[in-house]
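Trainee: Predicted coordinates and the sequence they were generated for:
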Amino acid sequence: MRRSLQAPEPLLVLASASPTRAALVEAAGLVVAQVPPSVDESAALVALRAEGASVEDAATALAELKARSAGGRAPAGSMVLGADQILELDGAWLEKPADRTAARAQLASLRGRTHRLVSAVVAVKDGARLWHAVDKAELAVRPFSDAFLDAYLDRCGESVIGSVGGYRIEGEGAQLMARIKGDHFTILGLPLLPLLAFLREQGVLLS
């Protein structure tokens, strides 16, 4: 369930424009106000890579940037949750494809290879980072044909540019995969179980 920022009591704020992350936390019973952050993710990734950050540290840093950005528009005392996901392929960090052409090229590059999805979540309150968690999953993409790839893109339409891998594992993206190792929620972009444990510790949820 989503709440308005005009509610009088402190809120649990989700610093994300992602409908998938919003659906995950709401399905788990969290009541959140969704506040999209204002962060130049591409520029931040370039800077983090230049600094020699690991993919795990980069995902955590981006999640914190998002939480701090949205926190500036949330009521005092709100707990703000920022999340980020990076796809790593043989040391390269891939971003969301800009259009169908980019999605096709990216999916073709993943074909027959194994990549990692690294997802991080950070909790910020009144400008201070309280907690974070990071998790990863490994996905082996099967060696699909060009005919399959084009048919997949035709069926999925614009949804392919809404995720970092150009696929949604909860939908037809499952057809791209040969093997998956890791937590389902992490693959969708949020280490949900560690987050729920933290919120129980904080008294936000009943233990």
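Mentor: Noted; the coordinates are in hand.
Trainee: next structured bit after the longest helix seen in the chain?
Mentor: Ranked by number of residues, the top helix in the chain under DSSP state H is helix 55-71. Scanning forward in sequence from helix 55-71 by DSSP states H and E, the next helix or strand is strand 79-89.
Trainee: Tell me how far whichever helix or strand comes after that next one lies from the chain's centre.
Mentor: Once the chain leaves strand 79-89, the next helix or strand it forms, by DSSP H and E, is strand 92-94. In terms of CA atoms, centre = their mean, to the nearest Å, the centre of strand 92-94 is set 15 Å apart from its chain centre.
Trainee: Mind giving me the packing neighbours of the next helix or strand after strand 92-94?
Mentor: Next helix or strand after strand 92-94 toward the C-terminus (DSSP H and E): helix 100-110. Contact analysis of helix 100-110 by 3 or more CB pairs under 8 Å, 6 or more residues apart in numbering; DSSP states H and E lists helix 146-156 as its packing neighbours. Glycine gets a C-beta too; all of them are placed from N, C-alpha and C.
Trainee: The helix it packs on to helix 100-110, inter-axis angle?
Mentor: 130 degrees (axes from the mean of the first three to the mean of the last three CA atoms, to 10 degrees).
Trainee: Check what contacts helix 146-156 and list those residues.
Mentor: 100, 103-104, 107-108, 111, 144, 160, 167-168, 171-173, 175-176 (CB atoms under 8 Å, 6 or more residues apart in numbering).
Trainee: and the residues you listed, which are buried?
Mentor: 100, 103-104, 107, 111, 144, 160, 167-168, 173, 176 (16 or more other CB atoms under 10 Å).
Trainee: ok so, going back, out of the contacts of helix 146-156, which two sit at the greatest distance?
Mentor: Taking CB to CB as the measure, those reach their widest spread between Ala108 and Gly171, a distance of 19.4 Å.
Trainee: any idea of the mean pLDDT for the top strand by length along the chain?
Mentor: For the chain, the strand that runs over the most residues, judged by DSSP state E, is strand 128-141. Mean per-residue pLDDT for strand 128-141: 98.
Trainee: Please tell me how far Thr186 sits from Glu51.
Mentor: 24 Å (CB to CB, to the nearest Å).
Trainee: Give me the more crowded residue out of those two.
Mentor: Each of Thr186 and Glu51 has its neighbours counted (other CB atoms under 10 Å); Thr186 has more, 23 against 10.
Trainee: Touching the strand or helix carrying that one from outside, list them.
Mentor: Taking DSSP H and E as the definition, Thr186 sits inside helix 184-188. Applying CB under 8 Å, 6+ apart, the contact partners of helix 184-188 are 20-21, 24, 117, 119, 135-137, 139, 169-170, 180, 191-193.
Trainee: 7 Å - rerun?
Mentor: Helix 184-188 is contacted from outside by 20, 24, 117, 119, 135-137, 169-170, 191-193, using CB atoms under 7 Å, 6 or more residues apart in numbering.
Trainee: Show me which residues of the helix or strand following it are buried.
Mentor: Downstream of helix 184-188, the next assigned helix or strand under DSSP H and E is helix 192-201. Applying a neighbour-count criterion of 16+ other CB under 10 Å, one finds 192, 194-196, 198-199 buried in helix 192-201.
Trainee: same deal with stretch 74-83?
Mentor: So, applying 16+ other CB under 10 Å, buried residues of stretch 74-83: 74, 78-83.
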